[in-house]
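Engineer: need a structure here:
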Amino acid sequence: MALDLFSLRGKNALVTGASRGIGRSVAIALAQAGANICLVLRPSTLSESKADSTEQALRALNVKVTTIACNLQDLEAVKHIFPKALELMDGNIHVLVNCAGIQRRSPAIEFSEKDWDDVIAINLKSVWLLAQAAGQHMVPLKRGKIISFASLQSFQGGLTIPAYAAAKGGIGSLTKALSNEWSKEGVNVNAIVPGYITTDMNEALLNNPTRLAQLNDRIPAGRWGTPDDFAGPVVFLASDASNYVCGELLTVDGGWMGR
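Structural biologist: Here you go, the predicted structure:
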């Protein structure tokens with residue numbers, strides 16, 4: 001049956017950035033489809049109510065929920081995430097979702113080296129390290145789904161966000177490069193491209209009346225997206241429904257890129 005293609009029962013998913021926003025909605029959607037979830041959370045968020053609410057929402061769905069504390073800026077620590085997840089999830093990870101990300105805004109001529117390094121470390125290099133570890137696990141098994149979160153800046157440069165644009169452009173190319181190698185091995189590598197979404201990361205834009213009006217006028221759907229708009233796309237890419245979808249950058253943008 002067609003709907004059975006979307007079931008994730010018996011699958012284990014490793015998800016970064018799930019304490020809030022899109023990551024939280026994505027983790028809950030995967031669990032609603034039946035997946036067990038291993039969350040990667042910053043140590044500082046483990047005691048926060050947002051992280052607690054994510055775990056509580058997942059446990060209410062009667063799936064296995066485990067947590068790994070890691071600051072993704074610590075790239076040496078990132079290298080230990082996937083082995084730890086395998087320990088916690090009975091030796092099997094079927095789905096990796098790279099959703100964690102940060103933003104730094106400044107005119108390019110003033111953009112600091114530290115801000116550049118921070119953004120590239122979390123938004124690109126940690127994604128590469130986790131994707132490589134996932135590939136080392138999944139390729140020999142001839143199965144697996146790797147889903148990263150790109151951005152409109154994978155196609156467009158944006159304004160005052162040079163490091164973010166570089167990282168998200170890298171995510172787009174990395175997705176295609178890994179797909180070129182691993183699709184024939186049964187491992188699907190794809191990315192989701194959010195448009196303008198009502199999350200904490202976009203607080204500066206949401207609080208800028210002039211820029212907000214400019215953006216609203218351009219979105220064909222007539223509204224900003226919400227984190228829940230990503231439930232369907234992530235379940236699709238994590239499930240058997242997308243077995244012949246390879247190297248795709250799936251835009252979820254209210255029509256922005258078609259304008």
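Engineer: This structure: strands as residue ranges?
Structural biologist: Under the criterion DSSP state E, strands of the chain are mapped to 12-16, 36-41, 65-69, 95-98, 144-149, 187-194, 249-252.
Engineer: Compile those strands into TSV and extend it with columns for mean pLDDT and mean neighbour count.
Structural biologist: Where you see a C-beta, it was placed from the backbone N, CA and C, and this is true even at glycine. TSV is the format used below for the strands of the chain (pLDDT from 0 to 100; neighbours: other CB atoms under 10 Å):
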stretch	mean pLDDT	mean neighbour count
strand 12-16	98	27
strand 36-41	97	27
strand 65-69	97	18
strand 95-98	98	28
strand 144-149	98	26
strand 187-194	98	25
strand 249-252	98	19
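Engineer: I'd like those as TSV, with distance to Ile81 appended.
Structural biologist: Listed next are the strands of the chain as TSV, based on distance: least, CB to CB, whole Å:
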stretch	distance to Ile81
strand 12-16	8
strand 36-41	6
strand 65-69	6
strand 95-98	10
strand 144-149	14
strand 187-194	18
strand 249-252	24
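Engineer: wait, which of those is closest to Ala165?
Structural biologist: Closest of these to Ala165 is strand 187-194, at 13.1 Å (criterion: CB to CB).
Engineer: Now do that closest one and strand 144-149, the angle between them.
Structural biologist: 20 degrees (axes from the mean of the first three to the mean of the last three CA atoms, to 10 degrees).
Engineer: Which residue ranges of this structure form helices?
Structural biologist: Using DSSP state H, the helices found in the chain span residues 21-32, 49-59, 75-78, 81-88, 113-120, 126-141, 162-182, 203-206, 209-218, 231-238.
Engineer: most tightly surrounded among these?
Structural biologist: Ranked by mean neighbour count, the helices of the chain are led by helix 21-32 with a mean of 24 (mean count of other CB atoms under 10 Å).
Engineer: got the CA coordinates for that one in CSV?
Structural biologist: Extracted C-alpha coordinates of helix 21-32, given in CSV (Å, rounded to 0.1, in the frame of the first residue of the first chain):
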residue,chain,number,x,y,z
GLY,A,21,12.3,25.2,15.6
ILE,A,22,12.5,23.0,12.5
GLY,A,23,14.6,20.4,14.2
ARG,A,24,12.0,19.8,16.9
SER,A,25,9.2,19.4,14.4
VAL,A,26,11.4,17.1,12.3
ALA,A,27,12.2,14.8,15.2
ILE,A,28,8.6,14.6,16.3
ALA,A,29,7.5,13.9,12.7
LEU,A,30,9.9,11.0,12.4
ALA,A,31,8.7,9.6,15.6
GLN,A,32,5.1,9.9,14.6
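Engineer: Would you enumerate the residues in contact with the residue nearest the centre of the chain?
Structural biologist: Ranked by distance to the mean C-alpha position of the chain (CA atoms, centre = their mean), the top residue is Cys99 at 2.2 Å. Taking CB atoms under 8 Å, 6 or more residues apart in numbering, we find Cys99 in contact with Val15, Thr16, Gly17, Ala18, Ile22, Gly23, Val26, Phe149.
Engineer: what's the answer for Tyr196, then?
Structural biologist: Tyr196 touches Leu152, Asn202, Leu205, Leu215, Ile219, Trp224, Gly225, Asp253, Gly254, Trp256, counting by CB under 8 Å, 6+ apart.
Engineer: The helix or strand bottoming out on mean pLDDT in the chain - contacts with which helices or strands?
Structural biologist: Among the helices and strands of the chain, helix 203-206 carries the lowest confidence by mean pLDDT, DSSP states H and E, at a mean of 75. Here helix 203-206 touches helix 209-218, going by 3 or more CB pairs under 8 Å, 6 or more residues apart in numbering; DSSP states H and E.
Engineer: for the record, mean pLDDT for the helix it packs on?
Structural biologist: For helix 209-218, mean pLDDT rounds to 83.
Engineer: Cool, thanks, talk later.
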